[in-house]
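Undergrad: Give me a model of this one.
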Amino acid sequence: MPLRMPSRRELSGPGQLLVTIAVEPRRPVFTCPRTVDLCVVELCRAARRGICAIPAYCFMPDHVHMFIQATHQDAD
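TA: Residues are numbered from 1 along each chain as shown. Have a look, this model is predicted:
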């Protein structure tokens, strides 16, 4: 069975997602500590807005995994 993206309706409101974002064309941009630091600052800024929590993330050389928890009913 092929994977599919959840619909916007399925992602609305409180819930949890495991997200992987890959760099195209799989360049190892996250081997630079400064790049990772900048990304972490942005993740924290998004979480402080109160719509979601990002309790775990893992930077790999060419991609990042994030566990995202929507904490607000209006989260989408």
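Undergrad: which residues of this structure score low on pLDDT?
TA: 1-13, 72-76 (pLDDT under 70).
Undergrad: at 90 instead, please
TA: 1-17, 24-26, 43, 45-53, 68-76 (pLDDT under 90).
Undergrad: bridging residues for the residue positioned nearest the centre of it?
TA: Most central in the chain under C-alpha atoms, centre = their mean is Met66, positioned 4.3 Å from the mean C-alpha point. With DSSP bridges as the criterion, Met66 is bridged to Val19, Tyr57.
Undergrad: how many neighbours does Cys32 have?
TA: Cys32 has 11 neighbours, counted by other C-beta atoms under 10 Å. (Glycine included, C-beta is placed from N, CA and C.)
Undergrad: give me phi/psi at it?
TA: For Cys32, the backbone dihedrals (degrees, to the nearest 10) come out as phi -90, psi 120.
Undergrad: May I have stretch 42-56 exported as CSV, CA atoms only?
TA: This file holds the C-alpha atoms of stretch 42-56, laid out as CSV (Å, rounded to 0.1, in the frame of the first residue of the first chain):
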residue,chain,number,x,y,z
GLU,A,42,13.6,28.4,14.5
LEU,A,43,12.1,25.2,15.9
CYS,A,44,12.0,26.8,19.4
ARG,A,45,10.5,30.0,18.1
ALA,A,46,7.7,27.9,16.4
ALA,A,47,7.1,26.0,19.6
ARG,A,48,6.9,29.2,21.7
ARG,A,49,4.0,30.4,19.6
GLY,A,50,2.0,27.9,21.5
ILE,A,51,0.4,26.0,18.6
CYS,A,52,2.8,23.0,18.8
ALA,A,53,5.5,21.4,20.9
ILE,A,54,8.6,19.9,19.4
PRO,A,55,9.8,17.6,22.2
ALA,A,56,12.3,15.7,20.1
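Undergrad: need the contact list for the residue nearest to the centre of the chain.
TA: Leu18, Val19, Thr20, Ile21, Leu43, Ile54, Ala56, Tyr57 (C-beta atoms under 8 Å, 6 or more residues apart in numbering).
Undergrad: is it true that Pro14 touches Thr71?
TA: Yes. At 6.4 Å, Pro14 and Thr71 qualify as touching, with contact defined as C-beta atoms under 8 Å.
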